[in-house]
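[1] output the structure for:
(one chain, ligands or ions: 2)
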Amino acid sequence: MNNSRRKKKAKRFGAERPAPQEARTLWLHVDARRLVNGLIFGFLFAACVAALNYHAASKTLSVGVSNGILILAICTLYSLYLVSFERSVKTSRAVIAVGVVSLLPVAAAAWFPVFGIPLFLVPMTLVAFVFGISFSERTAIGASFMLCLLVGVCLRTVSDGSQSEVAPTDLMAVLFAGAAAAALGCGNIRKRSKLLKVGLISSIVQAALIAAVKLKAGQPVSPWVCSLGFINGAVSAALVSAALPMIESIFMVTTDISLLELSDQNHPLLRRLSLEAPGTYHHSLILGNLAEAAGEAIGANALLLRVGAYFHDIGKVVKPEYFVENEGMQGSMHGDLSPTMSTLIITAHTKDGAELAREQKLPNAIIDMIRQHHGSSLVEYFYRRAIESSDGKKKVDQSLFRHPGPNPQTREAGVLLLADSVESASRSLPDPTPSRIARQVHEIINRKLMAGQLDECELTLAEVHRVEQSLVRSLTSVLHGRIKYPEPEDRETAEEEHNGR
Ligand SMILES: [Fe+2]
Ligand SMILES: [Fe+2]
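    Ligands and ions are numbered 1, 2, ... in the order given. All right, here's what the predicted structure looks like:
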């Protein structure tokens, strides 16, 4: 974004803005390369489905061709659905994993009858769980529906465990209902026990529908046939719960369950932070509350923001005494250092933090937030000191006083950058009245916008405005009635003090 456009954007900022329009996600608006990749995926998927069902294919040419056309049409629709609505599948590993997971129910429908396994055990619920947890409920329900269609097309006559016939549409209804029940419960799973509860609900739905289709067909409802529904739901939930780390690794996602486990303050890195850098630890806890509330205000991943805030300054444990919030009785450690050296020590905390996080195998989403939480912002305090000490004799290279970046790439990283900046600066307010807090927050956010720190994340101006309102609300409640904080020598530099000195 060029400077004039950025200025316009910052000028408009603060005005009441309408809610953002929902992003266009129809496949017609998908970029050409993604569309082509999606179609290639669809054709390959159709070929795999056809190969899996070769043994069951009709021997007459016309029926075989008709079936092939139906399979190709559904697989193409399936791939277009995924490229339109699921943009987080980016790596080839994730694409292959989506293909393999999608093939599971089709392969099961093709081969279960061969081995005498009841078709009510086709793992559609498993697919719904994997997609629901890794992506979204919408993706899980849409994918399950189309895969159910595919199962229905590939089956001509099916039989369940009791060897009595059941219509393909009835089987599709049972499988889809179980999958939808699982998918709808995947939205806010924060504990493994809830995953199992959702599995149980899916089990009950499937068992009830199996009984219904049996009654409809005028067949006896045996406990064995109904228990197949229970097995399908419960086993799927147990499998997903056990394989969660593997699913997260393959699809490169971080589930709420993992995030909640990371929010435990007994995590080795957080314990180390609390012991070696107590000031930073305290700042991180407050930031966790601020960032989570701001994330909720714009519908971002609030739990990711809370956990990201806990770990964002973890790199400061390497040299905690060089950061103002950890200065003890000994005072500033930067007195004898050159501004360049001080900046090097301060800006290293994002890189050190990312390395520590990698060693502890934290999710990539958290590592990205650690790396991006200062963007490429200027460490103004030391930059100004460098200019002062040069007395205008030589030009000071501004790039030496910048954080290494990258700038925030996600909405969550953008919110964390803003919340971190305002929380740090708020400590300089001697008399934090609501209006002073609001003014300071507005100025800081405007400055970040003008500096282009939010250009690469997908925050809209309306969202930034809502984040500002949330931060003002949270800070006002945090600072209300607080004992006056010792005023720093230079109030304007308080924000940089958090990052150094
Ligand atoms: Fe930081
Ligand atoms: Fe911070």
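[2] now do the strands in the chain.
    For the chain, applying DSSP state E gives strands covering 158-159, 165-166.
[3] go through those and find the least confident stretch.
    Among the strands of the chain, strand 158-159 carries the lowest mean pLDDT, at a mean of 44.
[4] looking at the stretch 251-400 of the chain, what residue ends up closest to ligand 2?
    residue 313 (4.4 Å; Cβ to the ion). Backbone N, C-alpha and C define where each C-beta goes, glycine included.
[5] tally of neighbours for that residue?
    28 (other Cβ atoms under 10 Å).
[6] could I get the contacting residues of it?
    273, 277, 280, 283, 284, 323, 349, 353, 373 (Cβ atoms under 8 Å, 6 or more residues apart in numbering).
[7] could you rerun that using 7 Å?
    Contact analysis of residue 313 by Cβ atoms under 7 Å, 6 or more residues apart in numbering lists 280, 283, 284, 349, 353.
[8] which residue packs closest to the third one, ignoring adjacent ones?
    Among residues not flanking residue 284 along the chain, residue 310 sits closest, at 5.3 Å (Cβ to Cβ, 6 or more residues apart in numbering).
[9] I'd say that neighbour and residue 269 touch.
    No. The criterion here is Cβ atoms under 7 Å, and residue 310 misses it with residue 269 at 8.8 Å.
[10] look at residue 39 and report its pLDDT.
    So, for residue 39, pLDDT stands at 85.
[11] can you check the one 10 residues further on too?
    Looking at residue 49, its pLDDT reads 84.
[12] now swap in residue 382 and tell me
    On the pLDDT scale, residue 382 is placed at 91.
[13] so which bits of stretch 416-427 are buried?
    416, 417, 418, 419, 420, 421, 422, 423, 424, 425, 426, 427 (16 or more other Cβ atoms under 10 Å).
[14] got the contact list for residue 351?
    Listed by Cβ under 7 Å, 6+ apart, the contact set of residue 351 reads 315, 404.
[15] hang on, I meant residue 131
    When contacts are counted by Cβ under 7 Å, 6+ apart, residue 131 touches 139, 140, 143.
[16] I'd like those residues as CSV, with pLDDT, distance to ligand 2 and neighbour count appended.
    Shown next, in CSV, are the contacts of residue 131 (pLDDT from 0 to 100; distance: Cβ to the ion, whole Å; neighbours: other Cβ atoms under 10 Å):
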residue, pLDDT, distance to ligand 2, neighbour count
139, 90, 34, 22
140, 93, 36, 27
143, 93, 39, 27
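[17] out of those residues, list just those in helices.
    Among the contacts of residue 131, the members found in helices (DSSP state H) are 139, 140, 143.
[18] tell me how far the first one lies from residue 81.
    Think residue 139. As judged by Cβ to Cβ, to the nearest Å, residue 139 and residue 81 stand 8 Å apart.
[19] what do you get for the last one?
    According to Cβ to Cβ, residue 143 and residue 81 sit 7 Å apart.
[20] what touches both of the two?
    Counting by Cβ under 7 Å, 6+ apart, nothing touches both residue 143 and residue 81.
[21] now residue 426: closest residue in space that isn't a chain neighbour?
    residue 475 (5.3 Å).
[22] if I pick the one you found, what's in contact with it?
    Counting by Cβ under 7 Å, 6+ apart, residue 475 has contacts 290, 422, 426, 437, 441.
[23] redo that, cut-off 8 Å
    By Cβ under 8 Å, 6+ apart, the residues touching residue 475 are 290, 422, 423, 426, 432, 437, 441.
[24] OK, contacts around the third one?
    Residue 423 is in contact with 283, 286, 287, 290, 475, counting by Cβ under 8 Å, 6+ apart.
[25] where does pLDDT dip in the stretch 1-150 of the chain?
    1-30, 54-60 (pLDDT under 70).
[26] go again with 50.
    Filtered on pLDDT under 50, the stretch 1-150 of the chain yields the residue ranges 1, 11-12, 14-25.
[27] show me where it has helices.
    3-12, 32-52, 61-85, 92-115, 124-134, 137-154 (DSSP state H, counting those that start in this stretch).
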